[in-house]
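> Need coordinates for the below:
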Amino acid sequence: MTATVARGGAGGAGAAIVIYSATALLIVGSSAPIPLLPLFGENLGLPTSRVALIFSLYFATMVVALGLSGIPAAHAKPKVTLTAALAVSAAADLLLIYGTEPTILIARVLTGFGVGLGLGAGATLAVMLRGDRGRSVSATMTMVASFVGITGSALLADFSPWPTTAPFILHLLLTGAILVLMVRLKLPPLRPHGVAMPPQETYPVRADGASPHEVPAPARPRRRRLPRLLALAGVAIGVVAWSLGNVVVGLGPTLVRDGLPMNSVLGASMMAIMVAGCGIIGQYTVPLSRPKLAISASAWSLLCGLALVVGGTLLVQVWLMVAGSALVGWGQGAGYRTGMLAVTRGLSPQRHGARSSLYAATAYFAAASAVQIGGILMSAFGSQAGMLTALVGIAVPLITVVLGTLIHSLSSGPTAPGR
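Presented below is the predicted three-dimensional model:
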C-alpha cells in the first residue's frame, strides 16, 4: 500500500471513531461467550470435552483465518472486509441467542473468520486515517475490549433475567448500529504518501484467542538477529504462554463452577478475567530490549502462576487460583510478545508478516489442542483431576524453558541490551 489518508479534520476523526468501535465490537463479541461456557454445558447437558470444543473451535478457525489473511484480496478493500466481518459477527449473535449446540458451534466458526479478517482490515483503516496514533489506539482498544467482553458478559449473566442471551442481544444491537454507520461511512480522500507500508503483522494478544492485527510502522534499521538458541526459547515461551493462558481461560470457569457451590458467573469467571486484565499489563511491561530477561521473566511468571493454580485446584481455594491466573496472564502477554520478537527480529518487512502469521497460527493450534485435550481429561477423570493432568502436561515444556534459560545465563553471563 502506497497511499494514506489526509489526516486531521472532523471527518477523519469521526471515521476513525467508527473504525475503532467496529474493531472493538469484534473483540467483545468473541470474548462474550467465555464466562457462559459452564452455563451452556449445564443447560444443554454437555460434557466438559464438548464445552472445551466450543472454546477451541474458535481457535481452530483462527488458524485458517490467519492463512486467508495473507491473501491480497482480503485487504484490497478494507472497508468492505470490515463491514462484512461485522455482519458475520451479528449473524453469530443470532445463532448464540438461539442457543443449541450446533448453532453455538457454527457461531464460533463465524466469529473466528470475522475476527481473523475484520481486525486486519480495521487496523489498516486506522493507520490510513490516523497514522501511528491509529495503530496504537487500535491495538490498545482490542486488548481492552477483550477484558470488557468477558467482564461485561459475566455481569449481565449475573444481573439480568436472561443470563445466556442478554450479552448477545446487547452486542447484536450495538453491532447493528455500528454496521449502519460503516455502510454510510465516507472515508476522507486518499493522497500519495512516500513510504510504502510493509505487510501486516499479527498479534493475538488477547486471553480468549482473538488475533488483533497491527500494521507495523515503516521499516526501521534492522536489529541484529537473535542467536538460534535464544530465538527457539522465545518461540517456545510464546507458544507455551498462549497455551497455558487459554487453558486457564477456557477451562477455569467450568472447574470453579463444578468444584464449588458458586452460582455467580462473575465469580466463576474471575480466573479468565484476571488472565485478560493482567495480559494487557504484560504486553506493555515486558523488557523487549533484553530478550533473555524477557524470556526468563515471562517463564518464571507462568511457572509461579501455574503452581498457584495447581495448589488452588488441589486445595479447592479459589483465591489461590485467581492469584495464579494473574501471574499466568502477565506471563501470557509478556511471553507471546517476546516470542513474536524472537521470530521477526532482523527480518525484512517482506518476510516479517509471513513469519509472524506462521508464529500466530502455531500458537493458536497449540492452544486449541491444549484446551481440547484438557476438556477430554476433565470429562474422563473429573474436573479437578483432569485440570491437574492438563496443567502438569503444560508444565513440562515450561520447566524445560526455565531450566534452559538458567543454564544459558550461568554459562554465558549477563546479556547486553539488544541493538
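
> Just the buried positions in the helix or strand harbouring residue 360, please.
Here residue 360 sits within helix 349-381, counting by DSSP states H and E. Neighbour-count burial for helix 349-381, counted by 16 or more other C-beta atoms under 10 Å, picks out 349, 352-353, 355-357, 359-368, 370-379. (Each C-beta comes from the backbone N, C-alpha and C, glycine too.)

> quick one: average pLDDT of the helix or strand containing residue 253?
Counting by DSSP H and E, the element that carries residue 253 is helix 228-259. Here the mean pLDDT over helix 228-259 is 90, rounded to a whole number.

> before we move on, what about stretch 359-379?
Mean predicted confidence for stretch 359-379 is 94.

> Neighbours of residue 297, how many?
The number of residues packed near residue 297 is 22, by other C-beta atoms under 10 Å.

> Isn't residue 29 up against residue 150?
No: counting by C-beta atoms under 8 Å, residue 29 stays clear of residue 150, with 11.7 Å between them.

> Of these two, which one has the most company?
Looking at residue 29 and residue 150 with other C-beta under 10 Å, you find the greater number of neighbours at residue 29, namely 32 against 29.

> Could you tell me the phi and psi values at that one?
phi -60, psi -40 (degrees, to the nearest 10).

> What pLDDT does the model give it?
On the pLDDT scale, residue 29 gets 95.

> what's the spacing between residue 64 and residue 361?
Using C-beta to C-beta, to the nearest Å, residue 64 is found at 9 Å from residue 361.

> What of residue 161?
Noted for residue 161: a distance of 41 Å to residue 361, by C-beta to C-beta.

> So which bits of the stretch of helix or strand residue 95 belongs to are buried?
For residue 95, the element it lies in under DSSP H and E is helix 78-98. Using 16+ other C-beta under 10 Å as the test for burial, helix 78-98 gives 78-79, 81-93, 95-97.

> which helices and strands does the next helix or strand after it pack with?
Per DSSP H and E, the first helix or strand lying C-terminal to helix 78-98 is helix 101-130. Applying 3 or more C-beta pairs under 8 Å, 6 or more residues apart in numbering; DSSP states H and E, one finds that helix 101-130 contacts strand 3-5, helix 9-31, helix 48-68, helix 73-76, helix 78-98, helix 132-159, strand 213-214.

> Counting neighbours, which bits of helix 101-130 end up buried?
Applying 16+ other C-beta under 10 Å to helix 101-130 flags 101, 104-130 as buried.

> pLDDT at residue 185, what is it?
Confidence score, pLDDT, at residue 185: 87.

> Any regions of this protein where pLDDT drops low?
1-11, 70-75, 132, 135, 188-226, 347-353, 408-419 (pLDDT under 70).

> now the nearest residue to residue 82 once chain neighbours are set aside: how far from residue 128?
Distances taken as C-beta to C-beta, 6 or more residues apart in numbering place residue 121 nearest to residue 82, at 4.2 Å, with adjacent residues excluded. Distance check for residue 121 against residue 128: by C-beta to C-beta, it reads 11 Å.

> Can you check which residues contact both of the two?
The contact sets of residue 121 and residue 128 overlap at residue 78 (C-beta atoms under 8 Å, 6 or more residues apart in numbering).

> Just give the number of residues close to residue 43.
Residue 43: 12 surrounding residues under other C-beta under 10 Å.

> if I look at it, how far off is residue 61?
From residue 43 to residue 61 the distance is 23 Å (C-beta to C-beta).

> now residue 263
In terms of C-beta to C-beta, residue 263 sits 32 Å off from residue 61.

> just residue 44 next, same as before
Distance from residue 44 to residue 61, by C-beta to C-beta: 21 Å.

> just residue 41 next, same as before
In terms of C-beta to C-beta, residue 41 sits 20 Å off from residue 61.

> With residue 379 instead?
22 Å.

> returning to what we had before: so for residue 263 and residue 61, which residue has more residues nearby?
Just comparing residue 263 and residue 61: by other C-beta under 10 Å the higher neighbour count belongs to residue 61, 22 against 9.

> Excluding chain neighbours, what is closest to the more buried one?
Residue 61's closest residue in space is residue 112 (C-beta to C-beta, 6+ apart), at 2.7 Å.

> Same question for residue 21.
Closest to residue 21 by C-beta to C-beta, 6+ apart is residue 178, at 5.2 Å.

> ok, the one you found to residue 90 distance?
Residue 178 sits 10 Å away from residue 90, going by C-beta to C-beta.

> Please apply the same query to residue 360.
26 Å.

> Could you do residue 49 as well?
Taking C-beta to C-beta, one finds residue 49 at 29 Å from residue 90.

> Looks like residue 374 contacts residue 386 (just checking).
Yes: counting by C-beta under 8 Å, residue 386 is a contact partner of residue 374 at 6.7 Å.

> From the opening residue of stretch 61-79 to its closing one, how far?
22 Å (C-alpha to C-alpha, to the nearest Å).

> again with stretch 280-291
19 Å.

> Could you shift the numbering so residue one becomes 23, and keep it that way?
Understood, numbering begins at 23; the last thing we discussed is stretch 302-313.

> Go through it and flag the buried ones.
302, 304-305, 308, 312-313.

> could you redo those as CSV and give each row distance to residue 77 and secondary structure?
As requested, the buried residues of stretch 302-313 are exported to CSV (distance: C-beta to C-beta, whole Å; DSSP: H, G, I helix; E, B strand; the rest coil):
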residue, distance to residue 77, secondary structure
302, 20, helix
304, 21, helix
305, 22, helix
308, 26, coil
312, 34, coil
313, 31, helix
